[in-house]
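Asker: curious how this folds, go ahead:
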Amino acid sequence: MAELIQDLKTIYLQRIEELLKLSTDFDNRTRHIWGTAEELYQGTLGIVVGLHGEQSPQARALVESYKNLLAHDEAEVRSTFFSGLKGTLRNLKAEIDQGLTRDIRKESYGEVLGDMAALAKAALSENQIPVASVLTAAALEDGFKRVAQANGLDVGKDMSATINLLKAHGILSGAEAPIAQSFTQFRNKALHADWDKLDAVAVSSAIAFLESFLIKHLS
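Answerer: The predicted structure follows:
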């Protein structure tokens with residue numbers, strides 16, 4: 001999973017190149033083919049949403065442009081729409097190459113760990129304390145590491161050391177640092193199979209902190 005996330009930037013660039021080639025092939029055709037048009041639009045929109053968000057001005061402008069095409073399927077409108085698509089794709093490529101987009105890898109880590117938090121909550125709702133605690137502990141430990149790495153820091157030799165490192169650099173501040181440190185014992189119990197020393201309240205508290213941490217540092 002981590003390797004896939006690290007390659008996400010490359011995947012976006014490859015998809016952009018595919019869509020640019022498809023747009024060139026489309027230009028060379030003598031008649032309008034809606035299947036190709038739909039793939040170009042959906043592919044470009046998917047990248048825009050991935051890089052800038054579903055409610056971003058870029059995404060909204062693209063959706064409105066496509067609505068206009070559907071309402072006015074005329075040669076001039078089609079030409080303007082697909083020229084705009086190619087311009088959007090070239091701009092996205094430049095943004096990725098120049099590092100002007102959001103931190104794709106960082107946000108993807110947040111999504112993966114968020115999924116783990118959701119699975120932990122589901123397990124907890126079924127009173128599966130061991131499963132919920134292990135998922136939460138693993139996500140917490142990995143989350144601290146990812147935030148340290150995203151800020152150019154070496155990861156500590158254990159979770160406690162990583163938390164201290166984040167605190168020392170002002171990344172964890174105020175009450176967040178001691179609260180984070182309090183979960184080191186939770187992590188040890190969960191990952192060392194001392195599940196009889198954990199209960200639903202402890203797991204629920206850890207999940208709540210994890211979700212808050214992800215929103216603040218990995219979104």
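Asker: name the helix or strand of the chain that has the lowest mean pLDDT.
Answerer: Least confident helix or strand of the chain, by mean pLDDT, DSSP states H and E, is helix 2-6 with a mean of 42.
Asker: let's test this: mean pLDDT of the helix or strand that it is followed by, rounded?
Answerer: Going down the chain from helix 2-6, the next helix or strand is helix 8-27, by DSSP states H and E. Per-residue pLDDT over helix 8-27 has a mean of 78.
Asker: can you check stretch 179-195 too?
Answerer: On average, stretch 179-195 scores 92.
Asker: now that stretch: buried residues?
Answerer: Neighbour-count burial for stretch 179-195, counted by 16 or more other CB atoms under 10 Å, picks out 180, 183-184, 186-187, 189-190, 195. (Glycine included, C-beta is placed from N, CA and C.)
Asker: hey, where'd the helices end up in this protein?
Answerer: 2-6, 8-27, 34-52, 57-71, 75-97, 104-125, 129-150, 159-168, 176-191, 200-217 (DSSP state H).
Asker: contacting residues around the nearest residue to residue 202 once chain neighbours are set aside?
Answerer: Using CB to CB, 6 or more residues apart in numbering and skipping residues adjacent in sequence, the residue nearest residue 202 is residue 186, 6.1 Å away. Shown in contact with residue 186 (CB atoms under 8 Å, 6 or more residues apart in numbering): 133, 136-137, 140, 198, 202, 206.
Asker: by neighbours, which of those wins?
Answerer: When neighbours are counted by other CB atoms under 10 Å, residue 136 leads the contacts of residue 186 with 32 neighbours.
Asker: ok, the closest residue to residue 137 other than its chain neighbours - contacts?
Answerer: The shortest distance from residue 137 to any non-neighbouring residue, by CB to CB, 6+ apart, is to residue 190 (3.7 Å). Contacts were defined as CB under 8 Å, 6+ apart; by that measure residue 190 touches 130, 133-134, 136-137, 198.
Asker: of these, closest to residue 119?
Answerer: residue 136 (9.4 Å; CB to CB).
Asker: farthest-separated two in the contacts of residue 186?
Answerer: Among these, 140 and 198 lie farthest apart (CB to CB), at 13.4 Å.
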